[in-house]
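1. dropping the sequence and predicted coords here.
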Amino acid sequence: MLAIVAAIVFALALLFDLADVSSDAVDNGTLTVLGLLLIALHLAGVGAGANWRGRSRGRARR
């Protein structure tokens, strides 16, 4: 999910760059850094929905 959001952010950065749209708060550098952060979180497994604690508890009870 985070990779899809990062792709959207990169697309917005590209559109802003092509249209020369910039403001004080959001510019191409800010959107690029945000996209890289989202990609890093995706690669780290954040938001994957995996329940890593449930597996060890289930085997210990048997």
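-> Yep, that arrived.

2. which residue is nearest the middle of the protein?
-> Geometric centre of the chain, nearest residue: L38, 2.1 Å, by C-alpha atoms, centre = their mean.

3. now do the phi/psi pair for that residue.
-> L38 adopts backbone torsions of phi -70, psi -40, taken as degrees, to the nearest 10.

4. over to the one 10 residues further on?
-> Geometry field for A48 lists phi and psi as phi -80, psi -20, criterion degrees, to the nearest 10.

5. burial check on it, number of neighbours?
-> The burial count assigned to A48 is 11, neighbours taken as other C-beta atoms under 10 Å. From N, CA and C alone the C-beta is placed, and that goes for glycine too.

6. which residues does it contact?
-> Going by C-beta atoms under 8 Å, 6 or more residues apart in numbering, A48 touches no other residue.

7. element containing A7, please.
-> helix 2-19 (DSSP states H and E).

8. chain center to that helix: distance?
-> 12 Å (C-alpha atoms, centre = their mean, to the nearest Å).

9. can you tell me what sits against it?
-> 21-22, 26-28, 31-32, 34-36, 38-39, 41-42, 46-47.

10. then stretch 38-46?
-> Under C-beta under 8 Å, 6+ apart, the answer for stretch 38-46 is 1-3, 5-6, 9, 47.

11. hang on, the earlier thing: pLDDT check: weakest of the contacts of helix 2-19?
-> Among these, S22 has the lowest pLDDT, at 73.

12. neighbours around it, how many?
-> Neighbour tally, S22, other C-beta under 10 Å: 13.

13. which residues touch it?
-> Neighbours of S22 in contact, by C-beta under 8 Å, 6+ apart: 16, 28.

14. about what we covered before: which of the contacts of helix 2-19 fall within strands?
-> The strands, defined by DSSP state E, take in nothing from those.

15. those residues in helices, which ones?
-> 28, 31-32, 34-36, 38-39, 41-42 (DSSP state H).

16. buried ones among those?
-> 31, 34-35, 38-39, 42 (16 or more other C-beta atoms under 10 Å).

17. got the residues you listed as TSV, with distance to F16 columns?
-> Converted to TSV, these look like this (distance: C-beta to C-beta, whole Å):
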residue	distance to F16
L31	7
L34	12
G35	12
L38	17
I39	18
H42	22
